[in-house]
Every structure is written in C-alpha cells, then in structure tokens.
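*Asks:* Predicted structure and sequence below. I'll ask about it afterward.
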Amino acid sequence: MRYWLMKSEPDDCSIDDLAALPNQSVAWYGVRNYQARNFMRDQMGVDDLALFYHSSCAAPGIAGIVRISKKAYPDETQFDPSSRFFDPKASRDNPRWLNVDVQLVRKTRLMALAEMRQLPELATMIVLQKGNRLSITPVDPGHWRFIEARLG
DNA sequence: GCCAACGTTGGC
DNA sequence: GCCAACGTTGGC
C-alpha cells in the first residue's frame, strides 16, 4: 500500500468532473512519460491512495483524495489516431503506454501550492522540488499523514 | 504570454 | 554515446 500525488488539469478533468462520473471513477489516460508509466506499472496497486492535484490552472493545489481502483492496463488512447495521445509506435501486441483507474474517495478543501510551499514539513516533497514535472510522484507516509490532518 | 526546466529525438 | 534542437510542462 503506497501513497501518490497525481496531477490533472482541471480543464481536462477536475475533482468535480470526477465526482460527476459514473462510479466516480476514471481511467488515468494520457500519461506519456516513462517514469510515470513505470510507477503505474511496477508500483501502483489497487487501494493505493493518491492526492488529486490540479495543475496548469489559476489555482494549483490538492483538491481531493482518490484511490487506485484498477491496476495498470493498456491506455486505449495510444491506439486512436484521432486522439491527441495517439502513439504511432504503439501497437496492441506491444502497447507502450498504460493507465490505472482512479476512484474518488473525497473532495477536500483546496490546499494551494502556495500553502504547501510555506510548510517546512513538506519541503522535501517531490512535487515541490524545482523543475519537477512528473505527473505521478510517490508521497511518503509522513507527508501523507501531515497533509491529510491538515486537510481536515 | 513568458520562461525555466526537463525529456525526447535524431544526426553524427 | 554525445549533444544540439526541439517540444512539453507548469507556475507565474
């Protein structure tokens, strides 16, 4: 059982969008970074928990908690020529990209990036490191407990 | 829109 | 294997 932080652009899928979906769950498609893919493939298990983070938006920060509801399987969008995530080098025999499914656990108050940066307890979080762009990062249990307590 | 940081591609 | 060029991410 591990903890994660997963970035989503709210213009694409916000915490409220997730809450409105059937089963409040969604395929975390579109990851096109090998390190993030490998996290899903090698380390993510069903019932792992993740912070749902809004990125590339006016108010970046943690917006909710989700759980991994299905382990990694091939990302359909890599096979779809009409998708912006289409990958001509991927095939069904040899898929390159994977996704997991996530399900809403609860929406939280927004814990803004600016607030996170002000908390010395969180200073070593991967997502706060300079230049970090990974869309999926592990969160250590101490950070998880601290954030969860602070989210109320 | 700007720009720093990073990952990927492809020529050599 | 090196590395320049290019594309993307993501905060501001």
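*Replies:* Sure, I can see it.
*Asks:* Name the SS class of residue A:116, please.
*Replies:* Reducing the assignment at residue A:116 to three states with DSSP: H, G, I helix; E, B strand; the rest coil gives helix.
*Asks:* From DNA strand C, how far off is it?
*Replies:* Distance of residue A:116 to DNA strand C, computed by C-beta to the nearest atom of the strand, to the nearest Å: 10 Å. Quick note: C-beta positions are derived from backbone N, CA and C, even for glycine.
*Asks:* Can you give me the end-to-end span of stretch A:84-101?
*Replies:* Taking C-alpha to C-alpha, to the nearest Å, the first and last residues of stretch A:84-101 lie 20 Å apart.
*Asks:* Only the buried residues of it, if you could.
*Replies:* Buried positions in stretch A:84-101, judged by neighbour count with 16 or more other C-beta atoms under 10 Å: A:85, A:87, A:90, A:97-101.
*Asks:* just curious, which of the residues you listed is nearest to residue A:76?
*Replies:* When the buried residues of stretch A:84-101 are compared for distance to residue A:76, the smallest value, 8.3 Å, is given by residue A:99; criterion: C-beta to C-beta.
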